[in-house]
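Chemist: show me how the following folds:
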Amino acid sequence: MKKRLLKWLIGILLTFIVIVIIYMMACIHQYGKGKVTPWQVVEVNLFRETVVLDEHDQEVLFLTDHDWTGYELLKLGCRETDRMGTVGYFTAPDGTKFHVNDMNEWCTFFRLHTIEGITLEQLGLHP
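Modeler: Purely as a prediction, here's the structure:
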C-alpha cells in the first residue's frame with residue numbers, strides 16, 4: 001500500500017514538473033524568444049533578483065521575476081520623479097537621473113525591463 005501511494009505521489013510530482021516546464025517554455029517562446037533562455041528564467045526566480053540579457057551604450061535589457069516593480073528602487077533610496085505608463089523616471093541617491101521601462105513582455109515566470117542612464121551595479125542590483 002505504501003509503495004503504491006509513493007508511486008502515485010512521484011507520478012503526480014513529475015506530471016506537475018512537466019506541466020510547469022511546458023508552460024515556462026511557452027512563455028519564453030511568446031515573450032522572450034531570442035532573448036531569454038530557460039536557465040535565465042530559473043536563475044531569476046531562484047537565485048538572483050536580476051539577470052542582464054543585453055547591454056547597448058547606456059541601455060541595459062534585464063530580466064526579473066514577474067512581480068518586480070520600481071518599488072525595489074525606492075527601497076534602495078531612489079526617488080521616483082515621474083511616471084509615463086510603464087516608464088518610471090528616477091533619481092538615484094547620488095543625483096544620477098535614469099529611467100526604467102517595465103516592458104509589457106511578462107508572464108508568470110519573468111518580466112523584461114530596460115534601464116537607461118545608470119547601471120544595475122551602481123544601484124546595488126548585482127546581476
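Chemist: where does Val60 land in three-state SS?
Modeler: Under DSSP: H, G, I helix; E, B strand; the rest coil, Val60 falls in the strand class.
Chemist: could you point out the longest strand of the protein?
Modeler: Scanning the chain for the longest strand, with DSSP state E as the assignment, gives strand 97-106.
Chemist: what's that one packed up against?
Modeler: Based on contacts counted as 3 or more CB pairs under 8 Å, 6 or more residues apart in numbering; DSSP states H and E, the elements that strand 97-106 packs against are strand 87-91, strand 111-116. Just so you know, the C-beta spots here come from the backbone N, C-alpha and C atoms, and that holds for glycine as well.
Chemist: mind checking these for the one nearest to Ile12?
Modeler: Nearest to Ile12 among the helices and strands packed on strand 97-106 is strand 111-116 (29.6 Å), distances taken as CB to CB.
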